[in-house]
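Got a predicted model here, sequence first, then my questions.
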Amino acid sequence: MKEIAPASKGYEEGVEAGRRVASSWKPSRLTLPEKWRAAATEAANICGAGRGDLSEILDNLERWSREDLLDYATDLHRRKVDAFPDLKTFPELEGMDQYVDEYPRGYAEGAGIDIREVHLERHYEEMFLLALGGGRRSVRNCSECYIPNTPNGPMLGLGRDDIMAWYTDDPFGVSWPNPVEEPHQITDPPASNPDFGICLATGGGALFEFEEDRGEAIFPAPVLSLVQDNCTTTEEAVDMLIRYNDYWGPCNCVIGDSQGNGALVEKSKYQYAVRTSKGEPVTSTYGGVEDEELPRLCDTDNPLFKYYQRRVRVMRQTLADGEANGGIDGEVFWKAMLNHDEKGAGCQHRETMPTGVELFTHVAYYVLPAEKRVFRRTIGRDNGRVLYPCEVPVVEVRT
């Protein structure tokens, strides 16, 4: 473990960040009730609205004014800060209560905006999910894998899936998607960073429809950042994630280190399961879990859970086939992450998704931490047509 550095200068950093956007700031589209209604309509199942009366949920959202949202976000912020935990158990949070409280104040002053707007931008996602009756804290729904052995060292791979409604009608007037990103030649040799420590990625997990929400305000501990800042091995990272169990998720999390140690943490809001590996790929995707106990919290008849089972199986089999035929490299990763299996596609096209599977894949990429390189394929626009990640070229980025 690395030495702990207490959080500080929240107000000063907030002022600096606020000043950078002072001339251009507008309310994020993600904080607008009309966006919430559009997202809930488009993807009721994944948002958790599928368990309630959607028309009633939409009617309730219709009645929320901007002032209602701002006041609720401010009250939620205060309750979260007041729930600051014991430093004896969580020493990494030293100074974080002041930082979390002072940063919004500084940001609002620097940007010249109502501090309530800052609170809403920070807590809109939790408020949205609570409004739908789900109480989940994250709707990020992605696939992730850690591959310990490639020709370029360990690989961390991800495929990002999301709701289309979040991205359209941007208030800044930016057309979306952007034009197709074209590759550019990089002639410099890769960096050498063999002792990079750990790499990790999170994505959506199961819906956990049968897990009762406790209705508690939770301090916004930046758990994943703390893990990356303080841990150097997979074992340390898993131990820390377990210790902070109540402060992150629900989601699935893949972790790997420079020594080939991998782990998969499957996480509901309050429970978790861990599977570790040595020298073998670790793969997960959203919609379900494979642990023996956690499915009791899930509606396993939900079409999304069944889709998960097929999708993760296809990804793992593709990686296994690659391993058996000379090893896993970038090309094998693309085949696994962007496959078009009829019942569990890795690259999800919104136009062809089965009932109950509502998201689209907007980017896939893999990171080579030992070389500080990223290879990505991002959804693009070409003459008005949307091109999904499987249809666009690979672009290399140096970090």
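Great, that's in hand. Numbers count the residues shown, from 1 in each chain.

How about the contacts made by residue 364?
Listed by Cβ atoms under 8 Å, 6 or more residues apart in numbering, the contact set of residue 364 reads 157-160, 334, 337-338, 346-347, 376-377, 389. C-betas here are computed from N, CA, C, even on glycine.

Tell me which of the residues you listed fall in strands.
157-160, 376-377 (DSSP state E).

Which member of those residues is positioned nearest residue 307?
residue 159 (14.0 Å; Cβ to Cβ).

Which positions within stretch 299-310 qualify as buried?
Going by neighbour count (16 or more other Cβ atoms under 10 Å), the buried part of stretch 299-310 is 299, 302, 304-310.

Rebuild those as a markdown table, extending it with distance to residue 201 and secondary structure.
Listed next are these as a markdown table, based on distance: Cβ to Cβ, whole Å; DSSP: H, G, I helix; E, B strand; the rest coil:
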| residue | distance to residue 201 | secondary structure |
| --- | --- | --- |
| 299 | 26 | coil |
| 302 | 24 | coil |
| 304 | 20 | helix |
| 305 | 21 | helix |
| 306 | 24 | helix |
| 307 | 20 | helix |
| 308 | 17 | helix |
| 309 | 21 | helix |
| 310 | 21 | helix |
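
Which pair of those spans the longest distance?
Most distant of those, by Cβ to Cβ, are 299 and 310, 16.6 Å apart.

So, low pLDDT: which residues of this protein?
The model of the chain has pLDDT under 70 over residues 1-3, 49-51, 134-140, 169-175.

For it, which segments count as helices?
10-20, 33-42, 44-47, 54-62, 66-82, 96-111, 115-131, 223-230, 234-243, 303-324, 330-337 (DSSP state H).

Quick check: the gap between residue 292 and residue 266.
Distance, residue 292 to residue 266, by Cβ to Cβ, to the nearest Å: 11 Å.

cool, and residue 392?
Per Cβ to Cβ, residue 392 is found 31 Å from residue 266.

again, but for residue 258
Taken as Cβ to Cβ, the span from residue 258 to residue 266 is 24 Å.

ditto for residue 205
For residue 205, the distance to residue 266 - Cβ to Cβ - is 6 Å.

the more surrounded of the two?
residue 205 (30 against 23; other Cβ atoms under 10 Å).

Contact partners for that one?
249-252, 266-268, 286-289.

Let's see that with 6 Å instead.
By Cβ atoms under 6 Å, 6 or more residues apart in numbering, the residues touching residue 205 are 250-252.

now do residue 119
Contacts of residue 119 by Cβ under 6 Å, 6+ apart are 73-74, 77.

Could you double-check that residue 227 lies in contact with residue 237?
Yes - if you go by Cβ atoms under 6 Å, residue 227 and residue 237 touch, sitting 5.0 Å apart.

Now distance to residue 27 and neighbour count too, for the ones in strands among the contacts of residue 364, in CSV please.
Formatted as CSV, the ones in strands among the contacts of residue 364 follow (distance: Cβ to Cβ, whole Å; neighbours: other Cβ atoms under 10 Å):
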residue, distance to residue 27, neighbour count
157, 34, 27
158, 29, 19
159, 30, 29
160, 24, 22
376, 29, 18
377, 31, 26
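
Now render those as CSV, adding distance to residue 87.
Output for the ones in strands among the contacts of residue 364, formatted as CSV (distance: Cβ to Cβ, whole Å):
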residue, distance to residue 87
157, 36
158, 33
159, 38
160, 35
376, 39
377, 43
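
what residues go with each domain of the protein?
Domain assignment for the chain by automatic domain parsing gives 10-131, 141-398.

Now do the longest one: distance to the chain's middle.
Between the mean C-alpha point of domain 141-398 and the mean C-alpha point of its chain there is a distance of 8 Å (Cα atoms, centre = their mean, to the nearest Å).

Contact partners for the closest residue to residue 237 other than its chain neighbours?
Distances taken as Cβ to Cβ, 6 or more residues apart in numbering put residue 231 closest to residue 237, at 4.3 Å, once the chain neighbours are dropped. Going by Cβ under 6 Å, 6+ apart, residue 231 touches 198, 237, 240.
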